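Participant: Here is a sequence with its predicted model. Questions after.
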Amino acid sequence: MSRYLFVMSAMAFVVTVIGVPSDSARACMIISAEPVVVEGEESLIVWDAQNRREYFIRRADFRGARRHFGFVVPTPTRPTLSDVDDALFDRLAQLYTRPSNLRSGRGIGGEGRPGAVPATVTIVERTRVAGLDATVLLANEAQALTGWLRQNGYTAPPGMAGYLRSYIERGWYVTAFRYDPAGARNFGSRAVMMAFSTDQPFFPYAEPRNARRARGRTFRVTVVSATRITARVGDQPWTARVGFADRTGAVHGILPHEIPPRILPDRAWITTFDERNSVRGRGDLFFDASNDTTPIPSTIETHVAHGRSRARRVE
């Protein structure tokens, strides 16, 4: 097994409700009877192969929120957080969408810390970004981290400590985000960018066993890089269709200014994966350069996030 395969089981979104009693923890997860449902999710990954750095941008539509809720994101190195203009995704859609058909619709890993040391959780950074509170944490013990989450208003669901343990043992950072829907049951998050160093671009696709649900959700991820991209879940090819793939110079005009334009060639590849029924599992997505240089004409006709007028934006 390659080093990439060993370490890429990482960076999963764990949605939890904040301020709910612990015996409701199972109902806090996406698949629960009283969930915060991710209606649609779209992400953009820009890969700087020379400097081994990933720029990860995400937005989503949510349904069913009653109060504060949050999620945690493990990353192999300390992330830099920033909000970006949501119009980025609209401009991106103009590149990968079938013309005139767009419509609304639904490093790697640090080393483990040897020896018996006191359990600690270090607050690396507190900030507010894209209308939500974010805390970057570094812990040396999974139970200590779940304890910190509970003490700070998060309900850590069953199995969360076990889920985070492998990341913590490798020295990964964990960023805890907090949303306040302000009474809106349906709303959309603003776009958030996390930039971090890693040996291979990847997406947080895995979910804990008790968070998985049989009913999937609409999901789209676009990777911008020097080459066309293939995707895997673990060591198996990802079954999502490629809705668009081509080289273009237009991408430079839509990327946030925080992403240095020099990291990409004049005509970069855009590879857009479009999954109509995303059901998460144990493995994360990670991306490899493809030897195939054949363009794929667009078959994409819909938005997957912010597609409903009643989805309220969180400021």
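Facilitator: Arrived safely, thanks for sending.
Participant: which residues touch the residue nearest to Gly243 when sequence neighbours are not counted?
Facilitator: Spatial nearest neighbour of Gly243, excluding adjacent residues (C-beta to C-beta, 6 or more residues apart in numbering): Asp274 at 3.6 Å. Yep, even glycine has a C-beta here, placed from its N, CA and C like the rest. Asp274 is in contact with 220, 240-244, 299-300, 304, counting by C-beta atoms under 8 Å, 6 or more residues apart in numbering.
Participant: Now neighbour count too, for these, in a markdown table please.
Facilitator: Converted to a markdown table, the contacts of Asp274 look like this (neighbours: other C-beta atoms under 10 Å):
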| residue | neighbour count |
| --- | --- |
| Arg220 | 26 |
| Ala240 | 19 |
| Arg241 | 14 |
| Val242 | 18 |
| Gly243 | 22 |
| Phe244 | 21 |
| Thr299 | 15 |
| Ile300 | 18 |
| Val304 | 27 |
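Participant: Which of those residues fall within helices?
Facilitator: The helices, defined by DSSP state H, take in nothing from those.
Participant: out of the residues you listed, which are inside strands?
Facilitator: Of the contacts of Asp274, the ones assigned to strands by DSSP state E are 220, 241-244.
Participant: Including distance to Gln50 and pLDDT, could these go into TSV?
Facilitator: What follows is the ones in strands among the contacts of Asp274, written out as TSV (distance: C-beta to C-beta, whole Å; pLDDT from 0 to 100):
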residue	distance to Gln50	pLDDT
Arg220	27	91
Arg241	30	91
Val242	25	95
Gly243	28	95
Phe244	25	96
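Participant: Tell me the one among the contacts of Asp274 nearest to Phe202.
Facilitator: Nearest to Phe202 among the contacts of Asp274: Ala240, at 14.6 Å, using C-beta to C-beta.
Participant: As CSV, the ones in strands among the contacts of Asp274 with distance to Met194 would be great.
Facilitator: CSV is the format used below for the ones in strands among the contacts of Asp274 (distance: C-beta to C-beta, whole Å):
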residue, distance to Met194
Arg220, 18
Arg241, 26
Val242, 24
Gly243, 24
Phe244, 24
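Participant: Let me know the closest of those to Ile259.
Facilitator: The closest of the ones in strands among the contacts of Asp274 to Ile259 turns out to be Arg220 (C-beta to C-beta; 19.3 Å).
Participant: is the residue nearest to Gly243 in a bridge, and if so with what?
Facilitator: With DSSP bridges as the criterion, Asp274 is bridged to Arg220, Arg241.
Participant: ok, which stretches of the stretch 1-150 of the chain are helices?
Facilitator: Assigned by DSSP state H, counting those that start in this stretch, the helices in the stretch 1-150 of the chain fall at 3-7, 87-96, 142-151.
Participant: phi, psi of Glu141?
Facilitator: Glu141 adopts backbone torsions of phi -160, psi 130, taken as degrees, to the nearest 10.
Participant: which residues sit in contact with it?
Facilitator: Here Glu141 is in contact with 119-120, 168 (C-beta under 8 Å, 6+ apart).
Participant: Return the subset of those lying in strands.
Facilitator: Checking the contacts of Glu141 against strands, none of them qualifies (DSSP E).
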